[in-house]
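J.: just coords:
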């Protein structure tokens with residue numbers, strides 16, 4: 001560029017000829033003519049048909065590998081380095097990696113193996129949201145587990161709602177939608193998904209899907225439209241916002257691996273993190289996420305009310321007081337053996353009812369062929385078979401869950417030494433039955449007081465529980481003001497009482513003689 005400028009200046013100021021200019025600047029006369037015609041040097045043309053003595057014999061091999069990649073899995077295709085490595089290892093080629101990379105890039109453009117571009121889009125308030133699942137490792141009650149993260153992201157504001165479930169079941173998928181509607185205070189017009197099994201029963205041609213009945217019921221209740229991404233690589237970018245949000249949220253709020261006492265405590269933490277993220281500003285936006293979310297909430301459709309996500313079932317209670325739900329067994333009161341009960345299968349709990357009354361409630365098992373038993377469900381049967389208490393599954397699980405106080409074992413051991421095996425177990429069962437009337441805390445306190453006093457007997461526990469119940473301070477009576485001044489009537493003549501006592505006194509005196 002500077003040389004062209006000097007040639008043009010010398011020609012204009014000194015009137016030098018082309019031959020003289022070429023001699024002075026040491027260039028060809030053709031270059032002088034180009035400089036006089038245009039201030040910009042012409043673009044250099046790449047050599048065409050230039051022989052490649054080192055790479056030339058291997059070009060057909062590279063072309064075949066790249067052509068085969070068109071039908072190979074996306075993550076198992078040749079990179080330029082892998083092509084160079086194979087040429088060196090399998091064919092003994094003596095070529096540079098840089099030369100191979102240039103040829104591979106050019107050939108990929110020619111055969112159409114390059115990545116398609118994306119079109120920049122904009123989102124309108126309250127129109128569209130995206131949903132996806134993610135995973136995170138956390139410590140729950142001292143145990144390291146992998147939980148599923150349900151994420152719904154608003155496309156306009158960038159606000160996200162995240163809730164954790166132990167398993168990525170259909171009930172969890174539906175429950176995530178219900179909680180997300182409550183978080184956003186409204187319903188989006190359209191929600192975009194990939195082909196989740198919880199929503200899609202069968203993928204048809206194009207964007208047509210055969211949706212599951214439960215998901216259709218959820219969509220009908222809230223009145224939004226579902227849009228599904230194309231399967232495979234073609235649809236990987238269609239909901240990139242929520243896919244990137246899963247990783248960002250996990251890195252920001254779940255690193256290092258956090259520890260919580262329960263799943264409820266984890267979800268309280270995640271909800272707080274969602275509110276914290278409302279203060280951030282997404283790149284390219286002027287307003288914080290929370291301010292854009294406020295604009296979005298103004299146009300969201302109102303929710304018609306909470307939808308019941310639980311799936312109903314009607315199993316029959318077997319001879320061991322159990323119902324089988326999703327290949328797991330849960331206990332119910334033994335009085336329902338042989339009867340059909342109603343079960344509501346939710347994401348994290350199992351609710352069993354008979355008639356209009358809830359008779360059992362369990363945390364939902366996460367595996368298969370698990371058994372959940374509650375000791376209270378078997379007390380009537382154990383009252384008739386007290387010897388089965390020591391080896392019962394319900395007692396074993398109560399001890400594992402920390403629901404069996406140590407003072408009960410102390411009482412049981414002393415009752416065993418005093419009354420024997422059968423009588424001790426029977427008195428323990430009777431003590432457990434007191435929990436229904438007085439509550440676990442009062443019965444536990446009565447057992448501890450009985451042991452401290454040396455009264456090793458069920459009757460002592462009953463007495464202490466009754467005293468604790470009667471020990472409450474009575475509510476003061478409110479007396480009408482008109483009755484307050486009447487007072488008590490004066491006592492009668494006490495001589496009448498002496499007349500009544502006289503025969504009894506004489507009888508005692510004669511008996512003493």
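T.: Here it is on my side, so go on. Predicted model, so just to flag it, every value in this text is computed and none were measured.
J.: low-confidence stretches in the stretch 151-300 of the chain?
T.: Residues of the stretch 151-300 of the chain meeting the criterion pLDDT under 70: 201-209, 231-237.
J.: swap in the chain?
T.: 46-51, 113-117, 201-209, 231-237, 470-513.
J.: any idea which helix or strand carries residue 152?
T.: strand 143-154 (DSSP states H and E).
J.: enumerate the positions of that strand that are buried.
T.: 147-154 (16 or more other C-beta atoms under 10 Å). All C-beta atoms are positioned from the backbone trio N, CA, C, and that covers glycine.
J.: also stretch 405-421?
T.: Counting neighbours by 16+ other C-beta under 10 Å, one finds that the buried residues in stretch 405-421 are 405, 407-408, 411-412, 414-416, 419.
J.: circling back: packing partners for the strand holding residue 152?
T.: Using 3 or more C-beta pairs under 8 Å, 6 or more residues apart in numbering; DSSP states H and E, the elements in contact with strand 143-154 are strand 128-140, strand 160-165, helix 170-184, helix 240-253, helix 263-276.
J.: related to what we said a few turns ago, between the buried residues of strand 143-154, which sits nearest residue 160?
T.: Using C-beta to C-beta, residue 153 comes nearest to residue 160 of the buried residues of strand 143-154, at 4.5 Å.
J.: so how far is residue 251 from the closest one?
T.: Distance, residue 153 to residue 251, by C-beta to C-beta, to the nearest Å: 16 Å.
J.: then residue 34?
T.: Note on residue 34: its distance to residue 251, by C-beta to C-beta, is 56 Å.
J.: the more surrounded of the two?
T.: Legend: neighbour count by other C-beta atoms under 10 Å for residue 34 and residue 251, higher for residue 34 (16 against 9).
J.: now do the buried residues in the helix or strand encompassing the more buried one.
T.: In the assignment (DSSP H and E), residue 34 maps to helix 29-37. Buried residues in helix 29-37, counted by 16+ other C-beta under 10 Å: 31-32, 34-35.
J.: I'd say residue 419 and residue 427 touch.
T.: Yes - Residue 419 is within contact range of residue 427, at 7.2 Å (criterion: C-beta atoms under 8 Å).
J.: all helices for the stretch 251-400 of the chain, in order.
T.: Here the stretch 251-400 of the chain has its helices, by DSSP state H, counting those that start in this stretch, at 263-276, 289-297, 379-384, 393-400.
J.: give me the contact list for stretch 330-344.
T.: Among residues not part of stretch 330-344, those counted as contacts by C-beta atoms under 8 Å, 6 or more residues apart in numbering are 308, 310-319, 321-323, 325, 350-354, 359-360, 362, 365, 371-374, 377-378, 380-381, 394.
J.: buried residues, it. List them.
T.: Applying a neighbour-count criterion of 16+ other C-beta under 10 Å, one finds 330-334, 336, 341-344 buried in stretch 330-344.
J.: residues in contact with residue 457?
T.: Listed by C-beta under 8 Å, 6+ apart, the contact partners of residue 457 are 415, 427, 450.
J.: quick one: it and residue 418, what's the gap?
T.: From residue 457 to residue 418 the distance is 8 Å (C-beta to C-beta).
J.: spatially central residue in the chain, please.
T.: In the chain, the C-alpha nearest the mean C-alpha coordinate belongs to residue 164, at 1.5 Å (C-alpha atoms, centre = their mean).
J.: correct me, but it touches residue 268?
T.: No - judged on C-beta under 8 Å, residue 164 makes no contact with residue 268 at a distance of 10.5 Å.
J.: returning to what we had before: so can I have CSV of the contacts of residue 457 showing distance to residue 71 and secondary structure?
T.: Compiled in CSV, those are given as follows (distance: C-beta to C-beta, whole Å; DSSP: H, G, I helix; E, B strand; the rest coil):
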residue, distance to residue 71, secondary structure
415, 77, helix
427, 76, helix
450, 79, helix
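J.: could I get those residues as a markdown table with distance to residue 95?
T.: Below are the contacts of residue 457 laid out as a markdown table (distance: C-beta to C-beta, whole Å):
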| residue | distance to residue 95 |
| --- | --- |
| 415 | 89 |
| 427 | 90 |
| 450 | 91 |
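J.: which of these lies closest to residue 96?
T.: Using C-beta to C-beta, the contacts of residue 457 come closest to residue 96 at residue 415, 88.2 Å.
J.: ends of stretch 45-62, how far apart?
T.: For stretch 45-62, the first-to-last residue distance is 25 Å (C-alpha to C-alpha, to the nearest Å).
J.: do the same with stretch 12-32
T.: The first-to-last residue distance of stretch 12-32 comes to 13 Å (C-alpha to C-alpha).
J.: ok, and what's touching it?
T.: 3, 6-7, 10-11, 33, 36.
J.: just put the buried residues of helix 29-37 in TSV and tack on distance to residue 181.
T.: Formatted as TSV, these follow (distance: C-beta to C-beta, whole Å):
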residue	distance to residue 181
31	72
32	76
34	70
35	71
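J.: which pair of those residues spans the longest distance?
T.: 32 and 34 (7.3 Å).
J.: list the contacts of stretch 399-409.
T.: Contacts to stretch 399-409, defined as C-beta under 8 Å, 6+ apart, come from residues 395, 398, 428, 431, 444, 447-448, 451.
J.: nice, that's everything, thank you.
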